[in-house]
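> generate a structure from the sequence data that follows.
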Amino acid sequence: MATKRDTTSHEAFTMKGGEGQDSYAQNSDHQRTGANITKNIMREAMAEKLDLQTLLLQNSCNTFRIADLGCSVGPNTFFTVQNIIDSVKLKLIDQSHEGRRGLEYSLEFQVFFNDHAGNDFNTLLKSLPEDKQYFAAAVPGSFHGRLFPESSINVFNSSYALHWLSKVPKEIVDKNSPAYNKGKIYFTSEDKKVIEAYSAQFERDIESFLNSRASELVPGGIVTFLIPSVPPNSKNRFEANANIIGNVLVDMVNKGVISEELVDSFNIPTYMPASEEVKSLIEKNGKFRIERSELLLRLFTEQLPDVRSACMHMRAVWEGIFKEHFGEELVDEIFNGYEKKLAESTFLLDPSFKTMGQLFVIKRT
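Numbering: from 1, shown residues only. Here you go, the predicted model:
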């Protein structure tokens, strides 16, 4: 029987690196769908809300700096960054046509790709587009805290990353807490105390994220982020997914493959907020105003993934945290069991289970 390896919070686990068949780079089509859907929305937001005149007047070196937070690996981050650059260039052209200062600025673009230090930056940087129109740099570290000097970044972007918590809520692994999440790795709608603990940790993390970006953003700059959220009157698709793999672990306990204690000390460090929850937290923070918010219902007009594709996607996302806690030798058994249970489940076909992308465009108050 496998023994307990670690009871600490999982704070810095990254997507599966490399470019192989089971890598995140090859299994992030859902995230690319979100990027495609938001492409024109982001361009509109840049055209309407980016105060380029102020940015250029304050920028003596004519360098426009973009940071993609939680970039992971693969082409999605490059797609989004290029869309931001193209949007800025279109804005320059529009300003020039309006007779304002614009094209006379020979802007150079600098892009910072940020993720945890364990991210596969080697693969990321090796796969940079050959025709890139920017200077690239990797910035390791958590976006829940400060990453850049004060007033240094013109545009921040984050896609499908802010639902990752800085740590597992301490209450849910405390045996003496009413929120102790024994026998589960996530929560269900009945687990009110556990949900409250997750929600409180998410609130702390969003507060820290917003405070950090408020310091680092230049006057007139903007922050855009795309985060999974649960729309009203919907069941949480991520919750159902997490509890399926939790059932696999319970089966392994019953077979004597792993210990009950090992499962009790493990929880998924992510939280899918309700669609109005993020808006409320931004307003509560007070350092930003929401310029645009859109729930991307169109994400789920796409064909639903088959079981195999869904399993490979989740493995690319989750493998690191399972490997760290349960050991590399058990990862195949865990995800093979997950795929089998997923095939037996009907929730993938149930339209009441939803977790949708929600896009926010915010500026300093």
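
> quick one, helices of the protein?
29-49, 52-57, 76-97, 121-126, 192-216, 237-254, 260-264, 277-285, 307-326, 331-344 (DSSP state H).

> in the fifth one, what's buried?
Read that as helix 192-216. Within helix 192-216, the residues that qualify as buried are 194-199, 201-210, 212-214, 216, counting by 16 or more other Cβ atoms under 10 Å. Heads up, the C-betas are built off the backbone N, CA and C, glycines and all.

> show me the longest strand that occurs in this protein.
strand 217-229 (DSSP state E).

> mean confidence (pLDDT) on that strand, please.
Strand 217-229 shows a mean pLDDT of 92.

> that strand pairs with which strands, parallel or anti?
strand 153-159 (parallel), strand 356-364 (antiparallel) (DSSP bridges).

> of all those, which one is nearest Val307?
strand 356-364 (20.8 Å; Cβ to Cβ).

> grab the nearest non-local neighbour of the spatially most central residue of the chain.
Centroid-nearest residue in the chain, with Cα atoms, centre = their mean: Ala161, separated by 1.1 Å. Spatial nearest neighbour of Ala161, excluding adjacent residues (Cβ to Cβ, 6 or more residues apart in numbering): Gly70 at 2.6 Å.

> thought that neighbour was touching Ser158?
Yes: using Cβ atoms under 8 Å, Gly70 makes contact with Ser158 at a distance of 5.3 Å.

> quick check: phi and psi at the residue nearest to Ala161.
phi 80, psi 50 (degrees, to the nearest 10).

> distance from the longest strand of the chain to the middle of the chain?
13 Å (Cα atoms, centre = their mean, to the nearest Å).

> quick one, that strand and helix 76-97 angle?
Here strand 217-229 runs at 130 degrees with respect to helix 76-97, directions being taken by axes from the mean of the first three to the mean of the last three Cα atoms, to 10 degrees.

> which residues touch Trp318?
Contacts for Trp318 were tallied using Cβ atoms under 8 Å, 6 or more residues apart in numbering; they are 245, 268.

> for it, give its distance to Met272.
The gap separating Trp318 from Met272 is 14 Å, by Cβ to Cβ, to the nearest Å.

> low pLDDT regions in this protein?
Under the criterion pLDDT under 70, the flagged ranges of the chain are 1-35, 57-60, 95-105, 297-305, 347-355.

> give the buried residues for stretch 233-251.
234, 236-249.

> same thing with stretch 166-180?
166-169, 171-173, 179-180.

> circling back to that earlier point, shared neighbours of Gly70 and Ser158, which are they?
With Cβ under 8 Å, 6+ apart, Gly70 and Ser158 have common neighbours Phe143.

> from Ile206, how far off is the residue nearest to Asn267 when sequence neighbours are not counted?
Leaving aside its chain neighbours, Asn267 sits nearest to Val168 (4.8 Å; criterion: Cβ to Cβ, 6+ apart). When distance is defined by Cβ to Cβ, Val168 is 16 Å away from Ile206.

> do Asn76 as well
Asn76 is 22 Å from Ile206, by Cβ to Cβ.

> related to what we said a few turns ago, now render the strands paired with strand 217-229 as TSV, adding mean neighbour count.
Output for the strands paired with strand 217-229, formatted as TSV (neighbours: other Cβ atoms under 10 Å):
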stretch	mean neighbour count
strand 153-159	25
strand 356-364	21
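
> for these, which one sits closest to Asn40?
Per Cβ to Cβ, nearest to Asn40 of the strands paired with strand 217-229: strand 356-364, 11.2 Å.

> quick one: the closest one to helix 277-285, angle?
Using the same axes, to 10 degrees: strand 356-364 against helix 277-285 is 20 degrees.

> got the contact list for the residue nearest to the centre of the chain?
Counting by Cβ under 8 Å, 6+ apart, Ala161 has contacts 69-70, 72, 143, 225, 227.

> returning to that earlier point: out of the buried residues of stretch 166-180, which comes closest to Ile258?
Using Cβ to Cβ, the buried residues of stretch 166-180 come closest to Ile258 at Val173, 16.5 Å.

> not counting its neighbours along the chain, what's nearest that closest one?
In space, Val173 is closest to Ser265, 5.9 Å off (Cβ to Cβ, 6+ apart).

> for the one you found, give its distance to Phe64.
46 Å.

> ok, those two, which is more surrounded?
A side-by-side neighbour count of Ser265 and Phe64, using other Cβ atoms under 10 Å, places Phe64 first with 26 against 20.

> who does the more buried one form a beta bridge with?
Checking Phe64 by DSSP bridges, which sets the bridge assignment, gives partners Phe109.

> can you check the one 5 residues further on too?
With DSSP bridges as the criterion, the beta-bridge partners of Leu69 are Asn114, Ser158.

> who's in contact with it?
Per Cβ under 8 Å, 6+ apart, neighbours of Leu69: 114-115, 143, 147, 156-158, 161, 225.

> same thing with Arg65?
109-112, 152-155.

> rerun at 6 Å
110, 153-154 (Cβ atoms under 6 Å, 6 or more residues apart in numbering).

> same list (the residues you listed) but as JSON lines, adding distance to Leu330.
Listed next are the contacts of Arg65 as JSON lines, based on distance: Cβ to Cβ, whole Å:
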{"residue": "Gln110", "distance to Leu330": "43"}
{"residue": "Ile153", "distance to Leu330": "41"}
{"residue": "Asn154", "distance to Leu330": "45"}
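
> got the contact list for the residue nearest to Phe112 when sequence neighbours are not counted?
Counting by Cβ to Cβ, 6+ apart, Ala67 is the residue found nearest to Phe112 once chain neighbours are left out, at 4.3 Å. Residues in contact with Ala67 (Cβ under 6 Å, 6+ apart) are 112, 114, 153, 156.
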